[in-house]
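Novice: Just to be clear, the model below is a prediction. Sequence and coordinates:
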Amino acid sequence: ILPASAFSAYLKISEGCSNRCSYCVIPSLRGAARSRPPDDILREAERLAQRGIREIIITAQDTTGYGRNLKGRPRLSDLLNDLTQIKGIEWIRLLYAHPARITADLLSTIAENDKICSYIDLPIQHIDDAILNAMKRKVNAAEIRQVIAQIRHIIPDVALRTSLITGFPGETPARFNRMLDFVRQTRFDHLGVFTYSREEGTEAAGLRYHVPEKEKERRRETIMHDQMEISASINTSLIGSVQEVIIEGKSDRPDYPYIGRCRRQAPEIDGVTYIKGPSPDIGHIVKCRITAADDYDLFGKIIRKSSYTSLFAVSNNLLITQEFQHNMSRIKKRVDICLLQGETIFKAHLADPSSCAIIVSYSGETSILNETIQYLKANKIPIIAITNIGDNTTARLADCVLRICTREKLYSKIATFSTDSAIVYLLDVLYSCIFALDYDANLQLRISTSK
Ligand code: SF4
């Protein structure tokens, strides 16, 4: 085990590598890949949890090659699922996933399990087919593009890291430019670039057309310069979002006295999040609203905890309410559905007294809505009113909900949304507002995405 911080630890799941990339000495030095049995790994993870470790970072020379040499060929996705069962472990993060072995099953496991960070480190090394072939990477450019699209499709909020090599033998200016264009188009969240290093005894050392050191470095700096702008723009887009942050210690900045990392940031290789707000406990995971960003780091403020832990959606439109529920599940938020009947609402609230109600996609008589709101009020159930589809009819209904709720002083948010896929992102923002910001602030928020 290598310690990442007092609260995070690397957990190596296999040793050695069977890939034999042409430039790499690891297979000769450490031999073929040998995976550790799942029980052995789980026992180590339990010991780490008992020591106070909250985040486990899964490593190996090639994590997605896990299990291939073991009897029964245990799957990485099953191992990840088993790790989530360990009490005390809050985050699990996957590094060094080879692009040739990413499976839909693995991606679904990451997408569906709240403890597994939506973060993938996918070292691709290059994007030019001739170079990938000479590197013996076992994957071509089209397959790499396809796997990235698949990752982003299955895990929409993924933070994607990669690493690249500049100046591999035979990397002409045109081949380098292909990689540079790819970096600009793909917009990785995090990126590391290394210059090719000629290792004695490797196949690549004997290749022709080596690139001068100065040129390798110039190409590395060119990519890093572009990536800095991409990283800054992605970080800026996170301003206003709510992120979970593991507090790792005190910082040397008086304006943001604590330092930590959000789920999007791996230790040592990505940026950090600077924090201000009520004194947090070191090692704890807190919710923060991102208030500023620079090229690589984020800045946030701790937000006070909400007393509401779950939602139930109240509506007379079952189909659209189910769609709302489905969208929320895509961002890993649970919502129970109730129709506009006092008894079902009451049961849902009784099952979780710290829940609040969302009135969603109401499209009927306002008198029934009024009655429902009175019922919720009489039972002291907090309400947030939302309507969907940004057309004129529902906009009018939204206004009606707004007026009733304002009169009754019952709600804090109202949003209008369409069924566009952007709603997943908007709901995440909305959910964060509801659960992490001041529920009682009586703030009116209208989100409209009726494109
Ligand atoms: Fe294995 Fe990575 Fe070396 Fe390729 S570069 S042989 S995947 S350790």
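Specialist: Now that the structure is in, tell me what you want to look at.
Novice: Residue 180: which element?
Specialist: Residue 180 is part of helix 173-186 when elements are defined by DSSP states H and E.
Novice: which residues sit against that helix?
Specialist: With Cβ atoms under 8 Å, 6 or more residues apart in numbering as the test, helix 173-186 has contacts from 126-128, 130-131, 148, 164, 166, 191, 219, 222-223, 226-227, 230. C-beta coordinates here come from the backbone N, C-alpha and C atoms, glycine included.
Novice: one more time with 7 Å
Specialist: Here helix 173-186 makes contact (Cβ atoms under 7 Å, 6 or more residues apart in numbering) with 126-128, 130-131, 148, 164, 166, 191, 219, 222-223, 226-227.
Novice: Doesn't residue 301 belong to a helix?
Specialist: No: applying DSSP: H, G, I helix; E, B strand; the rest coil, one finds residue 301 to be strand, outside a helix.
Novice: ok, now which ones touch it?
Specialist: Neighbours of residue 301 in contact, by Cβ under 7 Å, 6+ apart: 276, 277, 288, 289, 291.
Novice: Out of the residues you listed, grab the one that's most surrounded.
Specialist: Among these, residue 288 has the most neighbours (other Cβ atoms under 10 Å), with 27 neighbours.
Novice: Surely it and residue 276 touch.
Specialist: No: here residue 288 does not reach residue 276: they are 9.0 Å apart, not a contact under Cβ atoms under 7 Å.
Novice: Does anything pack onto the lengthiest helix in the chain? Which helices or strands?
Specialist: Determined from DSSP state H, the single longest helix within the chain is helix 213-237. Applying 3 or more Cβ pairs under 7 Å, 6 or more residues apart in numbering; DSSP states H and E, one finds that helix 213-237 contacts strand 159-166, helix 173-186, strand 190-195.
Novice: among these, which is nearest the ligand?
Specialist: Among these, the nearest to the ligand by Cβ to the nearest ligand atom is strand 159-166 (9.4 Å).
Novice: Turn the contacts of helix 173-186 into CSV, columns for distance to residue 97, pLDDT and neighbour count.
Specialist: As requested, the contacts of helix 173-186 are exported to CSV (distance: Cβ to Cβ, whole Å; pLDDT from 0 to 100; neighbours: other Cβ atoms under 10 Å):
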residue, distance to residue 97, pLDDT, neighbour count
126, 17, 97, 25
127, 17, 97, 22
128, 21, 97, 22
130, 24, 96, 15
131, 20, 97, 23
148, 12, 97, 21
164, 15, 98, 24
166, 22, 98, 24
191, 15, 97, 21
219, 25, 97, 24
222, 26, 98, 17
223, 21, 98, 20
226, 24, 97, 15
227, 20, 97, 22
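Novice: any idea which of those is closest to residue 9?
Specialist: residue 191 (24.6 Å; Cβ to Cβ).
Novice: Identify the residues contacting the residue in the stretch 251-400 of the chain that the ligand sits nearest to.
Specialist: For the stretch 251-400 of the chain and the ligand, the shortest gap (Cβ to the nearest ligand atom) falls at residue 269, measuring 15.5 Å. Contact analysis of residue 269 by Cβ under 7 Å, 6+ apart lists 190, 192.
Novice: Quick check: pLDDT value at it.
Specialist: For residue 269, the pLDDT comes out at 94.
Novice: try residue 69
Specialist: 89.
Novice: ok, now which ones touch it?
Specialist: Residue 69 neighbours (Cβ under 7 Å, 6+ apart): 33, 34, 35.
Novice: Now do the same contact list for the first one.
Specialist: To tie it back to what came earlier, the one meant is residue 33. With Cβ under 7 Å, 6+ apart, residue 33 has these contacts: 14, 16, 17, 18, 61, 62, 65, 68, 69.
Novice: With respect to residue 82, which of those is nearest?
Specialist: residue 14 (15.7 Å).
Novice: was I right about the closest one contacting residue 64?
Specialist: No: in this structure, residue 14 is not within contact of residue 64 by Cβ under 7 Å, at 10.4 Å.
Novice: who has more neighbours, these two?
Specialist: Neighbours around residue 14 and residue 64, counted as other Cβ under 10 Å, are more numerous at residue 14. The numbers are 23 against 20.
Novice: just to revisit the earlier point, what element comes up after the longest helix of the chain heading to the C-terminus?
Specialist: Next along from helix 213-237, by DSSP H and E: strand 242-250.
Novice: Now do the helix or strand that comes right after that following strand against strand 242-250, angle only.
Specialist: Once strand 242-250 ends, the next helix or strand along the chain (criterion: DSSP H and E) is strand 258-262. Taking axes from the mean of the first three to the mean of the last three Cα atoms, to 10 degrees, strand 258-262 and strand 242-250 form an angle of 140 degrees between their directions.
Novice: Packing partners of strand 258-262?
Specialist: Using 3+ Cβ pairs under 7 Å, 6+ apart, strand 258-262 sits against strand 242-250, strand 273-276.
Novice: Could you identify which of these is most buried?
Specialist: strand 273-276 (a mean of 23; mean count of other Cβ atoms under 10 Å).
Novice: pLDDT below threshold where in the stretch 201-350 of the chain?
Specialist: 304-311, 316-317, 320, 324, 327-328, 330-334, 340-344, 346, 348-350 (pLDDT under 70).
Novice: Helices along the protein, start to end?
Specialist: Going by DSSP H, the chain shows helices at 26-30, 38-50, 76-84, 104-112, 129-135, 141-154, 173-186, 213-237, 318-330, 342-351, 366-378, 392-408, 422-436.
Novice: will you turn these into a markdown table that also has distance to residue 301?
Specialist: As requested, the helices of the chain are arranged in a markdown table below (distance: least, Cβ to Cβ, whole Å):
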| stretch | distance to residue 301 |
| --- | --- |
| helix 26-30 | 43 |
| helix 38-50 | 29 |
| helix 76-84 | 29 |
| helix 104-112 | 28 |
| helix 129-135 | 44 |
| helix 141-154 | 29 |
| helix 173-186 | 31 |
| helix 213-237 | 16 |
| helix 318-330 | 25 |
| helix 342-351 | 31 |
| helix 366-378 | 31 |
| helix 392-408 | 28 |
| helix 422-436 | 11 |
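Novice: Now do the nearest residue in space to residue 19 that is not next to it in sequence, the pLDDT please.
Specialist: Of all residues not flanking residue 19 in the chain, residue 62 sits nearest, at 5.9 Å (Cβ to Cβ, 6 or more residues apart in numbering). Here, the pLDDT recorded for residue 62 equals 94.
Novice: in terms of contact, does residue 62 touch residue 97 like I think?
Specialist: No: using Cβ under 7 Å, residue 62 is not in contact with residue 97; the gap is 8.1 Å.
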